[in-house]
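# with the sequence up front, the predicted model follows.
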Amino acid sequence: MDAGIPCNDETEQGVNVMINQDLLKVVEHISREKNIDKQMVFEDLEMAMLSAARKAYGAANDVVVRIDRTTGEINATRDDEPISMKELGRIAAQTAKQVMIQKFREAERDSLFEEFSERVGQIITGTVARYEGGALVLHLGRTEGFLPRSEQIPGETHHPGERVRGMILDVREQPHEVRIVLTRTHPDYIRRLFDLEVPEVGERIIEIKALAREAGYRTKVAVASIDSKVDAVGACVGVRGSRIRNIVDELNGEKIDIVRWNESSQVLIANALKPAEVQETALCFEMGRASVVVAEDQLSLAIGKRGQNVRLAARLTGWDIDIVTPGDYDKGIDQMSTALREIEGVDDILIEKFLAMGIINLADIEEVGVEPLVSELELEEELAKVVVESAKKAAERFAAEDQAAKELAAAEEAERALSGETASESADESVAAIDSQAAAVDSADSLAAGEVPTSSVAVEEKSESEASADEESVAERTE
């Protein structure tokens with residue numbers, strides 16, 4: 001044989017080397033593309049080849065398949081006798097293919113679940129693919145993310161191909177897929193946006209102490225700085241509002257209030273209710289309630305549209321906030337003082353203690369109950385019971401008096417309105433009578449001056465016409 005032509009064994013050996021190299025490339029590609037560990041890919045291939053060998057030779061045979069991780073060489077034995085995987089046939093090869101596909105899918109699903117489980121709470125950007133029953137499906141590279149309707153900002157609409165950001169809320173492993181749930185309404189989504197847009201927040205120089213949100217409408221964020229040289233509110237707003245504007249644009253115009261954090265609940269509540277100006281704040285720790293006094297012209301501003309401002313402030317501060325005007329505040333204290341002074345053993349000092357506890361009206365005493373009065377104010381239990389019972393009765397009495405006063409005021413208002421209508425009718429009749437008298441006077445004056453009334457002139461003109469007509473009729477008969 002010519003030395004230039006290799007023998008059959010050498011040719012087969014060369015082919016095997018090429019196949020082994022191709023196998024290593026395939027393993028590398030699958031590992032990189034599916035984000036699966038190469039060791040796991042080799043194990044899945046061995047499992048697939050083992051299934052194919054058992055399909056060809058029967059399950060009773062002792063079949064072992066090993067793939068060299070370095071060279072890609074396949075070593076297969078049956079009952080310790082070497083076998084060739086190329087001789088297994090088409091059916092066995094099809095079995096191996098199905099097993100490989102199944103194993104790769106399982107490995108990819110496990111890889112996706114592990115990867116995205118570690119990224120829960122992070123912001124991710126995807127491309128809009130389609131809507132499925134109201135849920136938005138986003139392409140996230142190797143997989144898809146779902147943005148349910150409940151996690152979409154109200155009023156938002158998206159179109160296929162549009163890039164949308166969301167926070168990974170949950171990762172669920174299902175039988176045939178890994179379901180990645182995204183959100184744009186969760187309060188932590190605002191935190192992550194501040195991390196991205198405000199470097200001081202990302203570097204933890206500024207800390208977001210509390211956050212309250214009604215997605216699509218308004219958000220309040222309480223911030224504090226650990227560096228006295230850094231203004232927390234100013235840094236979050238940015239130069240000419242550039243930083244906060246980027247966040248607002250991402251949220252499609254949702255309003256964001258930056259609140260300066262304070263350890264004092266009274267100061268924090270006043271900051272949280274801005275732009276309304278607070279006059280006074282009374283805290284009742286036993287009820288977890290803050291009674292906030294604002295001027296009449298600040299009342300609607302403090303409450304906000306549909307109660308939104310005070311509701312968000314309550315969630316931000318952790319206090320149940322009750323907005324009252326100075327008149328209602330003073331009235332409640334006066335009624336409480338009047339009722340309590342009637343009880344033996346209650347003096348002005350004790351009333352001052354009630355006010356210091358944040359109890360500003362009779363209803364608060366009833367709601368607080370006996371136990372706090374005994375433990376906090378050191379009242380005797382019998383006296384505390386009398387105070388609570390008397391406050392309840394006095395509250396009912398004052399409520400009845402207020403209701404009666406309102407009904408009386410309404411009756412008086414109705415009576416005034418009715419009197420106004422009667423007076424108007426009388427005035428109209430008087431004007432008519434005066435006009436009639438004036439007409440009579442004018443007529444008398446005309447007669448006295450020798451003037452003939454219009455109606456008399458008309459009669460005279462009619463008589464002259466009838467006389468002329470009679471004369472013409474006589475002349476015709478004579479002719």
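Yes, it's here.
# where does pLDDT dip in the stretch 101-250 of the chain?
Applying pLDDT under 70 to the stretch 101-250 of the chain flags no residue at all.
# all strands of it, in order?
For the stretch 101-250 of the chain, applying DSSP state E, counting those that start in this stretch gives strands covering 123-132, 135-139, 144-147, 163-173, 178-183, 206-214, 218-225.
# reformat those strands as a markdown table; add mean neighbour count.
To be clear about C-beta, it is placed using only N, CA and C from the backbone, and glycine gets the same treatment. As requested, the strands of the stretch 101-250 of the chain are exported to a markdown table (neighbours: other C-beta atoms under 10 Å):
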| stretch | mean neighbour count |
| --- | --- |
| strand 123-132 | 15 |
| strand 135-139 | 19 |
| strand 144-147 | 21 |
| strand 163-173 | 18 |
| strand 178-183 | 21 |
| strand 206-214 | 19 |
| strand 218-225 | 22 |
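# got those strands as a markdown table, with distance to residue 331 columns?
Output for those, formatted as a markdown table (distance: least, C-beta to C-beta, whole Å):
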| stretch | distance to residue 331 |
| --- | --- |
| strand 123-132 | 51 |
| strand 135-139 | 53 |
| strand 144-147 | 51 |
| strand 163-173 | 48 |
| strand 178-183 | 46 |
| strand 206-214 | 31 |
| strand 218-225 | 31 |
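# nearest to residue 342, of those strands?
strand 206-214 (42.8 Å; C-beta to C-beta).
# what's the spacing between that closest one and its chain's center?
14 Å (C-alpha atoms, centre = their mean, to the nearest Å).
# quick check: can you name the pairing partners of that strand and their directions?
Within its sheet, strand 206-214 is paired with strand 218-225 (antiparallel), according to DSSP bridges.
# if we can go back for a sec, between the strands of the stretch 101-250 of the chain, which gets nearest to residue 108?
By C-beta to C-beta (comparing all of those), the closest turns out to be strand 178-183, at 8.9 Å.
# what strands flank the closest one, and is each parallel or antiparallel?
Under the criterion DSSP bridges, strand 178-183 sits next to strand 144-147 (parallel), strand 163-173 (antiparallel) in its sheet.
# how about these, which one is nearest residue 131?
strand 144-147 (9.8 Å).
# which residues touch that closest one?
Residues external to strand 144-147 that are found in contact with it (C-beta atoms under 8 Å, 6 or more residues apart in numbering): 124, 126, 129, 132, 135-138, 164, 166, 168, 179-184.
# send the alpha carbons of it over as PDB?
Provided in PDB are the C-alpha atoms of strand 144-147 (Å, rounded to 0.1, in the frame of the first residue of the first chain):
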ATOM      1  CA  GLU A 144     -40.000  35.500  29.400                       C
ATOM      2  CA  GLY A 145     -41.300  37.600  32.300                       C
ATOM      3  CA  PHE A 146     -45.000  38.200  33.200                       C
ATOM      4  CA  LEU A 147     -46.300  41.600  34.400                       C
END
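# straight-line length of stretch 177-195, end to end?
31 Å (C-alpha to C-alpha, to the nearest Å).
# hmm, residue 109 and residue 178 touching each other?
Yes. The criterion here is C-beta atoms under 8 Å, and residue 178 meets it with residue 109 at 5.5 Å.
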